[in-house]
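Asks: Quick one, structure for this:
(chains A and B)
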Amino acid sequence: MPFQVSDLAELDAPEKEYLWTLNFGPQHPATHTTLRLVLTLDGERVVKAVPYIGYLHSGFEKLGEDLDFNQYVTIVDRMNYISPLANEIAWHHAVEKLLDIELTPRCKYIRTILAEIMRIQDHLLNVGTCALDLGGFTAFLYFFTLREQIYDIVESASGQRFHTSYTRVGGVMFDVDNAWVDKIRAFCKGFRPVHEEVHKLLTRNRIFIERVQGVGFLSKEDAINKGVTGPLARASGVLRDIRKDEPYLAYPDFDFKVVAAKSGDCYGRYLVRMAEMMESLKIIEQAMENIPAGPINVDPETKAVIPAKPAVYRSIEGLIQHFEVIMPNRQAGSPREEIYAATESPNGELGFYIAGDGSWKAYRARCRPPSYIHFATFPDMIKDHQLSDVVAVLGSINIIAAELDR
Amino acid sequence: MSHQELLQTRFPAAGLVFSDFRDNHRVQVPKERLVEVLTCLKTEGGFDMLVDITAVDYLEYEDADDRFGVVYVLLNTSTGERTIVKTFVNDPDPTLPSMYPLWKSADWTEREVYDMFGIKFEGHPDLRRILMPDEFTTFPLRKDYPLKGRGERHNFPVITRSES
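Replies: Alright, predicted model coming up:
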């Protein structure tokens, strides 16, 4: 076994008394949220890092057993709050697989566009704050202007800028219109020059490269063995992307590439994220020009989806359907089965393991959070690096503590 | 050869139960054979990634025979094949062998299962609570733990400024 008690004994030995212990966090600007690291330092070299997490634990999985399939979407929103819609899509992807609901083509396209916008949003923040932590303020500001535009796009679709709660079982809450598509068109047009400018700012910037190149190395074998997925794994050369390997939503219709790097360090992750944004943009551009017409929700007769408000207020059938979805004693059931379904969230594989017990609630709603799995690799990644590399590595693995602790 | 054929030829009389639901392929394994089956899946089946370990408490589940089901989600990164291995453990001392020697990703996922359900993993190098505070005495995702808690939060020791 790699971890041995002798390692600890060695640290405690009197001749190593010159080692320092540094408490990093829970409140520190570079941890982005609340997580704590206890670093053992030899001068400025990190000998050992022990993470302590759980400061934001709020029992999301326990709540998932109490709220129904539609209500719980407000909670999954708050897991990875950098890209909330990606969580909603993942949650309802799993629920729809459990209930065997096939979405309408229009809904698939809208969800695909939003999922890709969320990927861009997440990568924008990640690259921006990674640069910010290393002293590059400009890229951060450039990218946050773009994020502001994304908030506008999301707001005009769902009415909320941040915690949208937009998806529903079997569809989404509101339909979108042409003005929304125009907004995305304008965003795509404005995105490229800013992206190019940040490339110019960072990609060949000597100060940036010296802080990230060769830092936080993760080999391909380690990445697979430690369960690492998403951009982190792809930067280590693991050619895996659930959008390609197990296509869901409307991804089979689009032409895009899986971005990967060989280096496995922070610089590789930065490059992968920058390139992935362009691939996401390609998907959005293909999708938004071809959004199919038709209904946005599945047939209300399935008792799975809330009917449109005009139908509820103006027809007795609509009211009854609404009643049947909302009232706990009238709700449709779920099969007494268990399912694991995963989507490619911006951070990696975001999966949900749902156990159904016949009711309209999950008996168990397990979330497989990518941040949690990725942060477990951190102590090995930072070992023997300098203290100042801690923020570079933390920034590159994109830890969202709300998702880490749930 | 699919993993199902592989397991059937390797463990003909081990009491494995195979089932499919939607696109999930599942195999139910008796607790005693878990290490053998997972080792075989890793070394011969090519399942090189342990995506997740989680547990379900069947205390309030209708017609359930066992208390806890522990679920291992495996993935073969070269073929994209997935399989879900499930095993059951029971009170009073739910214990399973740790999968840390096979997959390092089991480190934190097993710690979380221990933290939330109280299932112990033998051979785990560092089985401590991870999300809940160390002083916590019960396991919150068990079904006999109430949603609103038991008032632990109000009884945490408070450190005053003069003591700190």
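Asks: State the distance from whichever residue of chain B sits closest to chain A to A:Pro51.
Replies: Scanning chain B for the residue nearest chain A gives B:Ser105, at 3.1 Å (criterion: CB to the nearest CB). C-beta: built from backbone N, CA, C; applies to glycine. Here the criterion is CB to CB, to the nearest Å. By it, B:Ser105 lies 15 Å from A:Pro51.
Asks: still on that earlier bit, show the contacting residues for the residue of chain B closest to chain A.
Replies: Under the criterion of CB atoms under 8 Å, 6 or more residues apart in numbering or on different chains, the contact partners of B:Ser105 comprise A:225-228, A:373, A:376, B:49-51.
Asks: neighbours around the spatially closest residue to it that is not a sequence neighbour, how many?
Replies: If the residues on either side of it in the chain are set aside, B:Ser105 comes closest to A:Gly227, at 3.1 Å by CB to CB, 6 or more residues apart in numbering or on different chains. The criterion is other CB atoms under 10 Å in any protein chain shown. On that basis, A:Gly227 has 30 neighbouring residues.
Asks: now A:Gly227: how far from B:Pro101?
Replies: Distance check for A:Gly227 against B:Pro101: by CB to CB, it reads 15 Å.
Asks: Now do the same contact list for the residue nearest to B:Ser105.
Replies: Going by CB under 8 Å, 6+ apart, the list of residues near A:Gly227 reads A:373, B:49-52, B:103-105, B:109.
Asks: same check, this time on A:Gln386
Replies: With CB under 8 Å, 6+ apart, A:Gln386 has these contacts: A:44-46.
Asks: The residues you listed in helices, which ones?
Replies: Within the contacts of A:Gln386, membership in helices is found for no residue, as judged by DSSP state H.
Asks: Among those residues, name the buried ones.
Replies: With neighbours counted using 16 or more other CB atoms under 10 Å in any protein chain shown, these contain these buried positions: A:Val46.
Asks: closest to chain B among the contacts of A:Gln386?
Replies: When those are compared for distance to chain B (CB to the nearest CB), A:Val46 wins out at 18.5 Å.
Asks: Does the closest one touch A:Lys383 like I think?
Replies: Yes. Proximity of A:Val46 to A:Lys383 meets the contact threshold set by CB atoms under 8 Å, at 6.4 Å.
Asks: which residues do the two both contact?
Replies: Taking CB under 8 Å, 6+ apart as the contact definition, A:Val46 and A:Lys383 share no neighbouring residue.
Asks: contact partners of the lengthiest helix in chain B?
Replies: Within chain B, and with DSSP H defining each element, the longest helix by residue count is helix B:106-117. Around helix B:106-117, the neighbours that count as contacts under CB under 8 Å, 6+ apart are A:61, A:227, A:372-373, A:375-376, B:50, B:52-55, B:57, B:68, B:70, B:94, B:98-100, B:119-121, B:124-132, B:139-142.
Asks: which of those residues count as buried?
Replies: Neighbour counting with 16+ other CB under 10 Å marks A:61, A:227, A:372-373, A:375-376, B:50, B:52-55, B:57, B:68, B:70, B:94, B:98-100, B:119-121, B:124, B:127, B:129-132, B:139-142 as buried within those.
Asks: Toward the C-terminus, what is the element adjacent to the lowest-mean-pLDDT helix or strand in chain B?
Replies: Each helix and strand of chain B was given a mean pLDDT (mean pLDDT, DSSP states H and E); the minimum falls on helix B:3-10 at a mean of 81. For helix B:3-10, the following helix or strand on the C-terminal side (DSSP states H and E) is strand B:17-21.
Asks: Give me the distance between that following strand and the centre of its chain.
Replies: Computed by CA atoms, centre = their mean, to the nearest Å, the separation of strand B:17-21 from the middle of its chain amounts to 18 Å.
Asks: Which elements pack onto it?
Replies: In this structure, strand B:17-21 makes packing contacts with helix B:3-10, strand B:24-28, judged by 3 or more CB pairs under 8 Å, 6 or more residues apart in numbering or on different chains; DSSP states H and E.
Asks: thought B:Gly123 was touching B:Leu96?
Replies: No. Counting by CB under 8 Å, B:Leu96 is not a contact partner of B:Gly123; they are 9.6 Å apart.
Asks: Between the two, which contacts overlap?
Replies: The overlap between the contact sets of B:Gly123 and B:Leu96 (CB under 8 Å, 6+ apart) is empty.
Asks: Quick check on the two: which one has the bigger neighbour count.
Replies: Remark: of B:Gly123 and B:Leu96, B:Leu96 carries more neighbours, 25 against 14, as counted by other CB under 10 Å.
Asks: Can I take it that A:Ala261 is in a strand?
Replies: No. The assignment for A:Ala261 by DSSP: H, G, I helix; E, B strand; the rest coil gives coil, which leaves it out of any strand.
Asks: Grab the nearest non-local neighbour of it.
Replies: Of all residues not flanking A:Ala261 in the chain, A:Gly268 sits nearest, at 3.8 Å (CB to CB, 6+ apart).
Asks: likewise A:Ile326?
Replies: Nearest-residue entry for A:Ile326: A:Ile306, 7.5 Å, with adjacent residues in sequence omitted and distances by CB to CB, 6+ apart.
Asks: Now do that neighbour, the pLDDT please.
Replies: Per-residue pLDDT puts A:Ile306 at 81.
Asks: residues in contact with B:Gly149?
Replies: Taking CB under 8 Å, 6+ apart as the definition of contact, the neighbours of B:Gly149 are B:Pro140.
Asks: and it, how far is that from A:Tyr72?
Replies: Distance check for B:Gly149 against A:Tyr72: by CB to CB, it reads 19 Å.
Asks: What of B:Phe136?
Replies: Counting by CB to CB, the gap between B:Phe136 and A:Tyr72 amounts to 24 Å.
Asks: Which of the two has more residues huddled nearby?
Replies: Using other CB under 10 Å as the criterion, B:Phe136 and A:Tyr72 rank with A:Tyr72 on top: 23 against 14.
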